[in-house]
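Peer 1: What would the 3D arrangement of this be:
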Amino acid sequence: SPHPPISPVKIAIARDRAFNFYYQDNLDLLQQLGAELVFWSPLADNELPPGVQGMYFGGGFPEVFAQQLAENTSARNAIKTAILAGMPTIAECGGLMYLCEQIIDFEGKPWPMVGVLPTSAVMDKRLTLGYRRAVALQNSLLVPTGRNIYGHEFHRSRLISTSNQPLFATYRYDCDENMGYEGWALPVNVHASYIHLHWGASVEIPQRFIQQCLNNS
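Peer 2: The predicted model follows:
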């Protein structure tokens, strides 16, 4: 007899005015690999969508909506609880900032955020911009040690501290100029980085993420 269909893995995708930068290809790949994408808003929703097994926080402008994000304590607590319980989570750029202890805005005012990464994001007038080659320094949620991946940085914030176990050594895309260490993987189920990864050339990234979501559920 044919096998009953496996229920798809459900992944919560944060999508609202604060988080709206995703490569559509990445979302398409997740769906092609059998994931059900559940869109929700950390600005407006008080809790995570029910039954999700993974979370993805894209880029955007959380600093513009810092007060609203901070005031939604129930959403922040739900995310923190899920991450500490082991839920696989991708956070890129704005998503990374949201997982920090706080965002310090352009006026120097601190706003509490999710608080799973022991650092804060400080807004800075200086723009960090460019394509990067990133070399994975550890086995993480998305990539194995030693893997070269390519991505893009575009942000006006910086973290007040670097992880003592960074995800990546980063280089300029077109030469070997070292751009420093980057990314957080604490706890191990979190991939948090300023670098936007396009998964088109690396389908093992979403495959690995979905597998971890299934393992954890």
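Peer 1: CA atoms for contacts and neighbours, from now on please.
Peer 2: Fine.
Peer 1: Quick one: neighbours of Asn164, just the number.
Peer 2: Per other Cα atoms under 10 Å, the neighbour tally for Asn164 reads 12.
Peer 1: just checking, it is part of a helix?
Peer 2: No - using DSSP: H, G, I helix; E, B strand; the rest coil, the assignment for Asn164 is coil, not a helix.
Peer 1: Distance of it relative to Gln138?
Peer 2: 12 Å (Cα to Cα, to the nearest Å).
Peer 1: tell me the centre residue of this protein?
Peer 2: Residue closest to the average C-alpha location in the chain (Cα atoms, centre = their mean): Ala91, at 0.7 Å.
Peer 1: For the strand or helix carrying Arg132, what does the pLDDT average out to?
Peer 2: In this structure, Arg132 sits in strand 117-136 according to DSSP states H and E. Averaging pLDDT along strand 117-136 yields 88.
Peer 1: Please name every helix or strand in contact with that strand.
Peer 2: helix 94-99, strand 100-104, strand 148-159, strand 168-172 (3 or more Cα pairs under 8 Å, 6 or more residues apart in numbering; DSSP states H and E).
Peer 1: ok, that strand: who's next to it in the sheet?
Peer 2: Sheet pairing here is set by DSSP bridges, and for strand 117-136 it gives strand 100-104 (parallel), strand 148-159 (antiparallel), strand 168-172 (antiparallel).
Peer 1: Point out the most buried one among the ones you listed.
Peer 2: Mean neighbours per residue, mean count of other Cα atoms under 10 Å, is largest over the strands paired with strand 117-136 for strand 100-104, with a mean of 22.
Peer 1: what element comes up after that one heading to the C-terminus?
Peer 2: Strand 100-104 is succeeded, C-terminally, by strand 110-112 (DSSP H and E).
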